[in-house]
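Engineer: here is a sequence with its predicted model. Questions after.
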Amino acid sequence: MSCAIPSGSDAYAKLYPETSSDGVLRLGNIVPDFSAETTKGPMPSFHKWIDGHWAILFSHPADFTPVCTTEIGRLALKYDYLSSIGVKLATLSCDPVSSHTKWLEDVVAHCENKITIDFPIIADPTREISVKYGMLDPTIKDKEGLPLTCRAVFIVGPDKKLKLSLNYPASVGRNMDEIVRVTDALMLSAKHSIALPANWPNNHESIGMKGSAFLLPTVTKEDAQKHFPGYKTCAVPSGVEYLRLTKIEDLK
C-alpha cells in the first residue's frame, strides 16, 4: 500500500503502534475483528471483508432518526466514487437488520437524488462492536433506551490498521465531502510519501502551487531529490527546509 521510498510512508507509519497497551483504539492500531448480520447478509469477519482494500466503517446512532436519515442518503451519493477507487463501505448502528431494512425505504424516499443503498448496514443490537471501537463505554452498553453510539467514522487501510477516526455528537451530521477528501488524502499519502496540507486541495494557490502536497518529514533530502525532482521548498524565517511542496500531477 506504500511507495518504495525507503525514508517515506513505511517509516512514517512506524510512529503509530499496531496494538494498544490499554485497550483504547488509536491511530495505527489493528482494528478489532467482528462478525455481524447486515442488510447484505452475514459478515463472518470484518477483517476478511476488508480483503486487502481500504475500508470505511461509518456508524449512526439509530434508525428512524432525522440526521441519520440524511447522512445515509448523502453517503449513498458517494458510494460509486468510493468503490471506483477501491474503498469498501459499511455502516453500523445498534438496531437489528429488520429495522435497518424498513428504515432504508425512508432514506431512499427522503433523499432528493435518486439513490440505492448498495453498502451493508451492520446490526449491533448487543452493542459489542460499538464497545470494541470505543463508540460506547462498556459500563452503559446494556442500559435500556439510550445510550446511542456516537457518529463515528473509521477509515481502515488494507493492512487493517486504523488510519483516521472522527467522532461527532448525535446532534450534528457529518460532511460527506470531507470524508471523501480525507480518504483521497490518506491513499495518496500512503502511496507517495506525501502529507496533505490544511484545506487541501485548496491550498498554496497564492504561490502557484494550488493542490500541492508536502513531502513527509521522514523523506530524506537525498530521497526527495531522487523521487521528487521538481519539489519546491518554501522559505521561512527559521531557515529550516521542511516545507517541501510537490505538485500532485508530478506524482503520477
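Structural biologist: Arrived safely.

Engineer: next, count neighbours for the residue nearest to N203 when sequence neighbours are not counted.
Structural biologist: Computed as C-beta to C-beta, 6 or more residues apart in numbering, the closest residue to N203 that is not its neighbour in sequence is P197, at 4.4 Å. Every C-beta, even on glycine, is put in place using the N, C-alpha and C of the backbone. Residues near P197, counting by other C-beta atoms under 10 Å, number 18.

Engineer: over to the one 4 residues further on?
Structural biologist: When neighbours are counted by other C-beta under 10 Å, P201 registers 16.

Engineer: and what of the one 10 residues further on?
Structural biologist: Using other C-beta under 10 Å, G211 is surrounded by 15 other residues.

Engineer: not counting sequence-adjacent ones, nearest residue to it?
Structural biologist: G211 sits nearest to P201 (C-beta to C-beta, 6+ apart), 3.9 Å away.

Engineer: which elements pack onto the lengthiest helix in the chain?
Structural biologist: Secondary structure of the chain per DSSP state H: the longest helix is helix 66-84. Packing partners of helix 66-84 (3 or more C-beta pairs under 8 Å, 6 or more residues apart in numbering; DSSP states H and E): strand 87-93, helix 97-110, helix 176-192.

Engineer: now do it: everything it contacts.
Structural biologist: For helix 66-84, the external contacting residues (C-beta atoms under 8 Å, 6 or more residues apart in numbering) are 56, 58, 60-62, 89, 91, 93, 103-104, 106-108, 110-111, 113, 115-119, 121, 151, 170-174, 176, 179-180, 183.

Engineer: in the chain, which residue is closest to the centre?
Structural biologist: Nearest residue to the geometric centre of the chain (C-alpha atoms, centre = their mean): I155, 2.6 Å.

Engineer: contacts only, for that residue.
Structural biologist: Counted by C-beta under 8 Å, 6+ apart, I155 has contacts 54-56, 162-165, 182-183, 186.

Engineer: mind running it again at 10 Å?
Structural biologist: Neighbouring residues of I155 by C-beta atoms under 10 Å, 6 or more residues apart in numbering: 27, 54-58, 87, 162-166, 179, 182-183, 186-187.

Engineer: what does F119 give?
Structural biologist: F119 touches 38-40, 56, 58, 72, 75-76, 79, 82-83, 88-91, counting by C-beta under 10 Å, 6+ apart.

Engineer: if you set the cut-off to 8 Å instead, what comes out?
Structural biologist: 40, 75-76, 79, 88-91.

Engineer: nearest residue to it in space, please, no chain neighbours.
Structural biologist: Using C-beta to C-beta, 6+ apart, the closest residue to F119 is L89 (4.3 Å).

Engineer: could you pull out the helices for the stretch 151-252 of the chain?
Structural biologist: 176-192, 221-227, 248-251 (DSSP state H, counting those that start in this stretch).

Engineer: closest one to S9 among the ones you listed?
Structural biologist: Of all those, the one in closest proximity to S9, counting by C-beta to C-beta, is helix 176-192 (5.3 Å).

Engineer: what sits up against the closest one?
Structural biologist: 1-3, 8-9, 13, 54, 56, 58, 71, 74-75, 77-78, 81-82, 85, 87, 153, 155, 157, 163-164, 166, 194-196, 200, 213, 216, 248, 251.

Engineer: thanks a lot, catch you later.
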